[in-house]
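Asks: here are the coordinates; sequence isn't available:
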Ligand code: AMP
């Protein structure tokens, strides 16, 4: 009997191999495209029953990646539904920046660090030019191909920005990469949040371990303030009006050089501009790319000559002699978190009864067309609001606060409908 299932035909095209990894939202397999012989990576996202609704995270990733075509952004080759799962087919990438940073057999020269940072910023600059925020920048979302090219991946949390009165959820980014305005609960933010995360990645390349490893949001702020001094209102006037603002004990900034003893003056200058407290005065990605750090010697290493891991990932072993912010507690909070120091009512639009079913219906139709465009012509895409895909195995680094996760899922879905 003839096979009437078109999605099976598409699925048969790919020969599944080993599991490559598991992200927050699905398992990723290595596979061979039998039509082209190309090795690909397939992200399998489980979809529930149609009546459960839409898995917006997957659809968000498809929608954005369809628009983003750049040499420093992962290529989405194909997307198709099969056996209740949505499959996203990506170009295969050999390793990621976290594996490079962790590999003790790798020596990263200043030119190598410059090259990895430049590719990261180029990918981000392209996103920002297209008004897309990544919102989950961290070393293991920066994939590296066999030619050494670094590409931004995992656009599950990404979204369009630009409209000044849009309110977004602040529960984005793995905590260690979260900008202070997000930690203070801002709902209106822009590309500066990706700049902060890129600065954390820059610092991690220099130190070979995560720079600011907070164990809670308040602890994260404490670590940031221990590194750069407690911000003053004159330095960051809007800080006092942020929804979750809490006052911290004042501590002065230690010299930046004490944190990065081996770094050049240009490195420290760029780092300090990327780590500016006030998002309005933080350097943009484009300005960072034009910073003299990238044109002064040594020039960035050609990507094909960059060192890459030969063995499996190793656990991070921090044995540096530099001032270690993660072993001390940083400044103390002077006012109770999220209570008495609220100087502005929390007008979180997504809480309570802000859910609007009519907009969800509109959006489902839009999403059907979108996903159908990526599958076969006459096929309606399977829809799901399958929250179970958010309960994957715990990552070895904090990603999104686990306590925030179910809240975040709902907020992201509502955000997607705006
Ligand atoms: P993600 O859900 O995108 O965070 O992916 C989970 C894991 O799968 C990553 O940490 C990588 O180890 C692996 N992975 C994701 N995409 C690719 C790819 N295009 N090529 C190779 N490995 C990948």
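Replies: Okay, I see it. For clarity, every value in this text was computed on a predicted model and none was experimentally measured.

Asks: before we move on, what SS does residue 43 have?
Replies: Under DSSP: H, G, I helix; E, B strand; the rest coil, residue 43 falls in the strand class.

Asks: ah, wrong one, I meant residue 197
Replies: helix.

Asks: Who are the contact partners of it?
Replies: The contact partners of residue 197, taken as Cβ atoms under 8 Å, 6 or more residues apart in numbering, are 134, 137, 138, 173, 177, 178, 179. The C-beta positions use only the backbone N, C-alpha and C, and glycine is treated the same way.

Asks: now it: how far from residue 37?
Replies: Going from residue 197 to residue 37 by Cβ to Cβ, to the nearest Å gives 36 Å.

Asks: try residue 73
Replies: Distance from residue 73 to residue 37, by Cβ to Cβ: 24 Å.

Asks: the more surrounded of these two?
Replies: residue 73 (23 against 7; other Cβ atoms under 10 Å).

Asks: Quick check: that one touching residue 127?
Replies: Yes - under the criterion of Cβ atoms under 8 Å, residue 73 makes contact with residue 127 at 7.3 Å.

Asks: Give me the common contacts of those two.
Replies: Residues touching both residue 73 and residue 127 (Cβ under 8 Å, 6+ apart): residue 152.

Asks: In this protein, where is pLDDT below threshold?
Replies: 1-9, 24, 48-55, 162-165, 311-329, 335-418 (pLDDT under 70).

Asks: Find the closest residue to the ligand in it.
Replies: Of all residues in the chain, residue 23 sits closest to the ligand, at 1.8 Å by Cβ to the nearest ligand atom.

Asks: Could you tell me how many residues sit around that residue?
Replies: Residue 23 has 20 neighbouring residues, counting by other Cβ under 10 Å.

Asks: Also residue 78?
Replies: Neighbours of residue 78 using other Cβ under 10 Å come to 16.

Asks: The helix or strand it falls within: partners in the sheet, and parallel or antiparallel?
Replies: Take DSSP states H and E as the rule and residue 78 turns out to sit in strand 76-82. Applying DSSP bridges to the sheet, strand 76-82 is found paired with strand 85-91 (antiparallel).

Asks: So the strand it pairs with, near the ligand or not?
Replies: Yes - applying Cβ under 6 Å from any ligand atom, one finds strand 85-91 in contact with the ligand at residue 90.

Asks: what ranges do the strands span in the stretch 151-300 of the chain?
Replies: 159-160 (DSSP state E, counting those that start in this stretch).

Asks: Return the residues of it in contact with the ligand.
Replies: 153, 154.

Asks: ok, now with 5 Å
Replies: residue 154 (Cβ under 5 Å from any ligand atom).

Asks: which outside residues touch stretch 274-288?
Replies: 121, 124-125, 128, 179-181, 189-196, 198-199, 202, 228, 231, 235-239, 270, 273, 291.

Asks: in that stretch, what counts as buried?
Replies: 274, 275, 276, 277, 278, 279, 282, 283, 284, 285, 288 (16 or more other Cβ atoms under 10 Å).

Asks: Export these to a markdown table and append columns for distance to residue 247.
Replies: Formatted as a markdown table, the buried residues of stretch 274-288 follow (distance: Cβ to Cβ, whole Å):
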| residue | distance to residue 247 |
| --- | --- |
| 274 | 25 |
| 275 | 21 |
| 276 | 20 |
| 277 | 15 |
| 278 | 17 |
| 279 | 20 |
| 282 | 22 |
| 283 | 27 |
| 284 | 29 |
| 285 | 31 |
| 288 | 31 |
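
Asks: ok, which pair from these is furthest apart?
Replies: Maximum pairwise distance in the buried residues of stretch 274-288, criterion Cβ to Cβ, is 17.7 Å, between 277 and 285.

Asks: and residue 201, what does it touch?
Replies: By Cβ under 8 Å, 6+ apart, residue 201 lies in contact with 97, 117, 120, 137, 138, 139, 142, 177.

Asks: what about 10 Å?
Replies: 97-98, 101, 116-117, 120-121, 137-139, 141-142, 177, 210-211, 274 (Cβ atoms under 10 Å, 6 or more residues apart in numbering).

Asks: contacting residues for residue 232?
Replies: By Cβ under 10 Å, 6+ apart, the neighbours of residue 232 are 239, 250, 277.

Asks: let's see it at 7 Å
Replies: The neighbourhood of residue 232, defined by Cβ atoms under 7 Å, 6 or more residues apart in numbering, contains no residues.

Asks: Okay, it and residue 67: tell me how far apart.
Replies: Taken as Cβ to Cβ, the span from residue 232 to residue 67 is 40 Å.

Asks: Equivalent analysis for residue 196, please.
Replies: Relative to residue 67, residue 196 is positioned 24 Å away (Cβ to Cβ).

Asks: now do residue 254
Replies: 43 Å.

Asks: repeat for residue 125
Replies: 15 Å.

Asks: next one: residue 290
Replies: Counting by Cβ to Cβ, the separation of residue 290 from residue 67 is 25 Å.

Asks: tell me the centre residue of the protein?
Replies: residue 136 (1.2 Å; Cα atoms, centre = their mean).

Asks: Spit out the contact partners of the nearest residue to it once chain neighbours are set aside.
Replies: Spatially, and ignoring its direct neighbours in sequence, residue 136 is nearest to residue 157 (4.3 Å; Cβ to Cβ, 6 or more residues apart in numbering). By Cβ under 7 Å, 6+ apart, the contact list for residue 157 reads 135, 136, 172.

Asks: again, only using 8 Å
Replies: Counting by Cβ under 8 Å, 6+ apart, residue 157 has contacts 57, 60, 134, 135, 136, 172, 173, 412.

Asks: can you check residue 293 too?
Replies: 114, 264, 266, 267, 269, 270.

Asks: ok, 10 Å please
Replies: Residue 293 neighbours (Cβ under 10 Å, 6+ apart): 110, 114, 117-118, 202, 264-271, 273, 300.

Asks: Kindly provide the distance from it to residue 283.
Replies: Taken as Cβ to Cβ, the span from residue 293 to residue 283 is 11 Å.

Asks: swap in residue 207?
Replies: Distance from residue 207 to residue 283, by Cβ to Cβ: 20 Å.

Asks: same question, residue 202
Replies: Distance, residue 202 to residue 283, using Cβ to Cβ: 12 Å.

Asks: buried ones in stretch 296-303?
Replies: Within stretch 296-303, the residues scored as buried using 16+ other Cβ under 10 Å are 300, 301, 303.

Asks: Now flag whichever of these is closest to residue 149.
Replies: residue 303 (5.3 Å).
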